[in-house]
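Colleague: 3D model of this:
(2 chains)
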Amino acid sequence: MRSARRSWVAPTVTVVAVLVVWQCAVSFGLVPAFLLPSPLDVVEALIVDAPLLASHGLVTLTEALVGLACGVAAGFGLAVLMDRFALVKAALNPLVTLSQTIPTVAIAPLLVLWLGYGMLPKVLLVALTTFFPITVALAEGFASVDPDAIDLMRTMGANRWQIFRYVKIPAAAGSFFSGLRISATYAVVGAVVAEWLGGFDGLGVYMTRVRKSYSYDQMFAVILIISALSLALMGLIDLIARIAMPWRAATNKSVEVSHASQGK
Amino acid sequence: MGDIDPQVAGLTASHLWLSWEGEPIVEDVTFSVAAGELVCLVGRSGSGKTTLFHALAGLTAPERGQVFVGDKDITGVPGSVAYMLQKDLLIPERTVQDNAALPLLLKGMSLKEARAQVASQLDRFGLEGAQGLYPDQLSGGMRQRAALLRTYLMDDPVLLMDEPFSALDALTRADMRSWFLDLMSRLGLTCMLVTHDVDEAIAMADRILVLAGNPAQGQVSRLVGEVAIECPRKDRGQFMLTSDALATKRQVLELLEH
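Modeller: Here you go, the predicted model:
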């Protein structure tokens, strides 16, 4: 219990301290206010622009979620194919890795050029940036299964689909959710980057506008919103992971119990 | 399997020749295990015991020869013989009851029915109260019993076990052996068990088959003999302390030197 409280205290103190130093630096004129808005200015901008931020945020969140869903579906399909056919794995592995070395900012304008200013290029960009962690995580998860476990399933008369369902999927669940967590942060950032380069709505569009009008307080406000969205998405995924993997909670608890009893 | 009467069906291997990645491992193995009998296969590490068991379970096809359960040819076809591998291979993401229920689920039984059937056996396998636990929460002995319950629920007429107790500490192992012998007798199971521990074989088997050879050195393994143990299973604890047991052990060890 005490250690849980301690883990809360340290980061809170750090954040508050940074905010105080920041506020003082601006208030006492150490940094000019037009270059760096004070935390209070940012809060004010957040309140004033709340309705606008909410409507833009909703657009970005939709793009991120739809793109993430597409990325997960594509990543899952690819990982299954790579697991099933060694040739597919050998053929696609370098391509999957290569696709991640192409900078998002470089490909975004092309997508806008090809697909217009609507939602499609944003969703596609998010899908492109998120599928990689999912594919890698799932492929590793599937490959981590003990070959003897598969033999055992065969002696029970299991077919390929049953082996997949009862052994491979559960074995890959842990790494899948780790990959999904990374992908979720990529999703929000990917959507914002795509919006920078063309569009009518979304936090990226809002960001471009306030940057052009040198409204740095609003700039910081939108950065805050983007971070909050990413964190919320990660939190949601952690929650789903806890529900989807009850064995984790059960075995962690038993480990804690045995540690506690050793302590006595 | 439903089409084989477990009361009469034994296991028969007829002139099996096995190889692994092109290298011959086992040659011309012929034996049979009668219904209700417990036969131990003894051999040194690397003599090809596991290779032989994989072939008996239908996981690999022999170069030559056939495997029968009763009079049904099961050569190279998995699913007719229950096989318990060295590791318990419980799925860490499933509870004890859902691990044990696997063979029933694979046959198309509903989860509810399968769990009910598992629940009715928990007592007999010493797992009462543990059905909701995950494998990582169990002791080694309990894990092995859960794996054994799963194997039993495969409902196959013949049970193959590859060093099932080797991962347990000595005391748990002794407990598990006597518990298992008692269970086997009560359920009338037909069983073949691999071990490299001659004492374990004498403590459990009705008959011991000895596999000798060293395939890695180019010496292909063969069955070099068999030793029957006349003492009833329930008196085996006492038998182990007699000079007869020692004589049996000497006989097996001599065969291993073959």
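Colleague: Enumerate the positions of stretch B:167-176 that are buried.
Modeller: B:168, B:172-173, B:176 (16 or more other CB atoms under 10 Å in any protein chain shown). The C-beta positions use only the backbone N, C-alpha and C, and glycine is treated the same way.
Colleague: In helices only, show me these.
Modeller: B:172-173, B:176 (DSSP state H).
Colleague: Spell out the secondary structure type for the residue lying closest to residue A:200 once chain neighbours are set aside.
Modeller: Among residues not flanking residue A:200 along the chain, residue A:117 sits closest, at 6.5 Å (CB to CB, 6 or more residues apart in numbering or on different chains). Assigned by DSSP: H, G, I helix; E, B strand; the rest coil, the conformation of residue A:117 is coil.
Colleague: still on that earlier bit, can you redo the buried residues of stretch B:167-176 as JSON lines with pLDDT?
Modeller: Output for the buried residues of stretch B:167-176, formatted as JSON lines (pLDDT from 0 to 100):
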{"residue": "B:168", "pLDDT": "79"}
{"residue": "B:172", "pLDDT": "81"}
{"residue": "B:173", "pLDDT": "83"}
{"residue": "B:176", "pLDDT": "83"}
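Colleague: Turn the residues you listed into a markdown table, columns for distance to residue A:191.
Modeller: Formatted as a markdown table, the buried residues of stretch B:167-176 follow (distance: CB to CB, whole Å):
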| residue | distance to residue A:191 |
| --- | --- |
| B:168 | 55 |
| B:172 | 57 |
| B:173 | 59 |
| B:176 | 58 |
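Colleague: Throw the residues you listed into a markdown table and include distance to chain A, thanks.
Modeller: A markdown table is the format used below for those (distance: CB to the nearest CB, whole Å):
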| residue | distance to chain A |
| --- | --- |
| B:168 | 18 |
| B:172 | 18 |
| B:173 | 21 |
| B:176 | 19 |
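Colleague: Output the contacting helices and strands for the particular helix or strand that has residue A:169 in it.
Modeller: Secondary structure assignment for residue A:169, by DSSP states H and E: helix A:169-196. Packed against helix A:169-196, as judged by 3 or more CB pairs under 8 Å, 6 or more residues apart in numbering or on different chains; DSSP states H and E, are the following elements: helix A:50-84, helix A:104-115, helix A:120-143, helix A:203-212, helix A:216-244.
Colleague: out of those helices, nearest to chain B?
Modeller: Distance to chain B, taken as CB to the nearest CB, is lowest for helix A:216-244 among these, at 10.1 Å.
Colleague: Return the set of buried residues in the closest one.
Modeller: Buried residues in helix A:216-244 (16+ other CB under 10 Å): A:216-222, A:225-226, A:229-230, A:233-234, A:237, A:241.
Colleague: tell me which of the residues you listed is nearest to residue B:79?
Modeller: Distance to residue B:79, by CB to CB, is smallest for residue A:241 among those, at 34.9 Å.
Colleague: measure the closest one to residue A:183 for me?
Modeller: Distance of residue A:241 to residue A:183, computed by CB to CB, to the nearest Å: 13 Å.
Colleague: For the stretch 51-200 of chain A, which residues are neighbours of chain B?
Modeller: Counting by CB under 8 Å from any CB of the partner chain, the stretch 51-200 of chain A comes close to chain B at A:146, A:148-149, A:151-158, A:162, A:166-167, A:170-171, A:173.
Colleague: Kindly give a single PyMOL line that selects the buried subset of those residues.
Modeller: Command for PyMOL, covering only those of those found buried under the criterion 16+ other CB under 10 Å:
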select buried, chain A and resi 149+151+152+153+154+155+156+157+158+162+166+167+170+171+173
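Colleague: what sits against the residue nearest to residue A:200?
Modeller: If you count contacts by CB atoms under 8 Å, 6 or more residues apart in numbering or on different chains, residue A:117 has them with A:198-200.
Colleague: can you check residue A:112 too?
Modeller: By CB under 8 Å, 6+ apart, the contact list for residue A:112 reads A:121, A:194, A:197-199.
Colleague: Which of those are buried, as a PyMOL select command?
Modeller: Typed into PyMOL, the line below selects the buried ones among the contacts of residue A:112, using 16+ other CB under 10 Å:
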select buried, chain A and resi 121+194+197+198+199
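Colleague: Next, format the contacts of residue A:112 as TSV and append pLDDT.
Modeller: Shown next, in TSV, are the contacts of residue A:112 (pLDDT from 0 to 100):
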residue	pLDDT
A:121	90
A:194	89
A:197	81
A:198	79
A:199	81
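Colleague: ok, of the contacts of residue A:112, which one's closest to residue A:133?
Modeller: residue A:194 (18.0 Å).
Colleague: next structured bit after the regular element (helix or strand) spanning residue B:143?
Modeller: Assigned by DSSP H and E, residue B:143 falls within helix B:140-153. Using DSSP H and E, the next helix or strand after helix B:140-153 towards the C-terminus is strand B:158-162.
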